[in-house]
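Student: Sharing a model that was predicted from the sequence below.
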Amino acid sequence: MLLTAALGSALITGVAGGTAAAAADSATPASIVAAAPTPTSASEPDAVTEAPVAPWKPPAAGTAAGTPRKVKPRPIAPVKAKAKTQAATTGWVNPNPSGRVTSCYGQRWGRLHAGVDIAGPHGSPILAAGSGVVVRAGDAQGYGLAVLVDHGNGYLTHYGHLSAIAVHEGQRVEAGEQIGDEGSTGHSTGPHLHFEVHQGLYKNPIEPTAWLRERGVPVPGCD
Ligand SMILES: [Zn+2]
């Protein structure tokens with residue numbers, strides 16, 4: 001009885017906390033990723049803690065002949081847990097999660113379109129794809145208001161056409177942290193994020209969606 005009561009209140013607290021976190025950061029995918037598991041994990045501990053207890057007891061008490069079969073159904077849970085952990089620990093996010101790809105990296109109008117265009121509603125939060133340091137933030141001619149982040153792993157990400165910038169040069173940002181708002185500044189025909197990935201140094205662009213996919217972030221449309 002006591003244990004049930006304690007579990008019950010823990011569940012309520014867990015669910016309430018998870019809901020509040022999700023509501024507060026509904027625009028931030030990193031927070032969604034972090035918050036989403038909370039309600040699930042709040043209801044899962046019972047199953048997770050109980051499951052090992054039940055299978056592990058019989059082998060100790062039972063005879064060798066009857067027990068081995070009962071231990072079998074384990075692999076399902078670990079697979080699910082692994083997927084969750086991967087999502088939470090990859091450390092990379094879609095920089096414009098509310099948007100859709102409207103133009104891919106490649107030759108366009110006789111010149112290289114050095115990034116991917118991801119269009120969502122004007123003013124959508126634009127997020128740092130990963131943690132790093134802001135090395136440029138400001139007006140960048142054709143890019144309009146733009147932010148360049150050095151991730152310290154040999155790659156930089158560049159975000160163009162913003163309507164507002166929320167960071168300054170030298171600032172450290174975390175994956176999923178809002179760095180600005182989507183807009184249409186610079187050479188742009190409508191609100192969208194122009195997102196570039198540079199390898200080694202700025203102005204060495206590579207195809208960005210495969211790069212994101214390798215980091216566990218699917219951005220469909222350019223495959
Ligand atoms: Zn573009």
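Tutor: Okay, I see it. Numbers count the residues shown, from 1 in each chain.
Student: Next to the ion, which bits of the protein? Give me the list.
Tutor: For the chain, the residues in contact with the ion (CB under 5 Å from the ion) are Asp117, His194. The C-beta positions use only the backbone N, C-alpha and C, and glycine is treated the same way.
Student: Which residue ranges of the chain form strands?
Tutor: 100-103, 106-108, 111-113, 116-119, 125-127, 132-139, 145-150, 155-162, 164-165, 172-173, 178-181, 193-199, 205-206 (DSSP state E).
Student: got the contact list for the fifth one?
Tutor: Think strand 125-127. With contact meaning CB atoms under 8 Å, 6 or more residues apart in numbering, strand 125-127 is reached by 27-30, 93-98, 147, 159, 162, 175-182, 193.
Student: Can you give the domain ranges for the chain?
Tutor: 2-89, 100-214 (automatic domain parsing).
Student: Worst mean pLDDT among these?
Tutor: Note on the domains of the chain: lowest mean pLDDT is at domain 2-89, with a mean of 39.
Student: Just want the residue of this protein that's nearest the ion.
Tutor: Taking CB to the ion, the ion has its nearest neighbour within the chain at His194, 3.4 Å off.
Student: ok, how many other residues are close to that residue?
Tutor: Each residue near His194 was counted by other CB atoms under 10 Å, and the total is 25.
Student: what do you get for Ala128?
Tutor: 26.
Student: looking at it, it is touching Gln171, isn't it?
Tutor: No - with contact defined as CB atoms under 8 Å, Ala128 does not count as touching Gln171 (10.0 Å).
Student: Hmm, Ala137 is touching Val167, no?
Tutor: Yes - taking contacts as CB under 8 Å, Ala137 lies within contact range of Val167: 5.5 Å.
Student: For these two, indicate the residue with more neighbours.
Tutor: Neighbour count, other CB under 10 Å: between Ala137 and Val167, Ala137 has more, with 22 against 18.
Student: hang on, the earlier thing: of the contacts of strand 125-127, buried ones?
Tutor: 28-30, 93-97, 147, 159, 162, 175-182, 193 (16 or more other CB atoms under 10 Å).
Student: contacting residues for the closest residue in space to Gly99 that isn't next to it in sequence?
Tutor: Among residues not flanking Gly99 along the chain, Gly120 sits closest, at 3.2 Å (CB to CB, 6 or more residues apart in numbering). Contact analysis of Gly120 by CB under 8 Å, 6+ apart lists Asn96, Pro97, Ser98, Gly99, Arg100, Glu182, Pro191, His192, Leu193.
Student: Repeat the analysis, applying 10 Å as the threshold.
Tutor: The neighbours of Gly120, taking CB atoms under 10 Å, 6 or more residues apart in numbering as the test, are Asn96, Pro97, Ser98, Gly99, Arg100, Thr102, Ile126, Glu182, Pro191, His192, Leu193.
Student: And for the fifth one, the neighbour number?
Tutor: If I follow you right, that is Arg100. 13.
Student: With the fourth one instead?
Tutor: Residue neighbour count, defined by other CB under 10 Å, stands at 21 for Gly99.
Student: For it, what are phi and psi?
Tutor: Dihedral pair for Gly99: phi -100, psi 170, per degrees, to the nearest 10.
Student: swap in the third one?
Tutor: With angles defined as degrees, to the nearest 10, Ser98 sits at phi -90, psi 0.
Student: From Arg136, how far out is the closest residue to it other than its chain neighbours?
Tutor: In this structure, Ser98 finds its nearest non-sequential neighbour in Gly120, 3.9 Å apart by CB to CB, 6+ apart. Going from Gly120 to Arg136 by CB to CB, to the nearest Å gives 23 Å.
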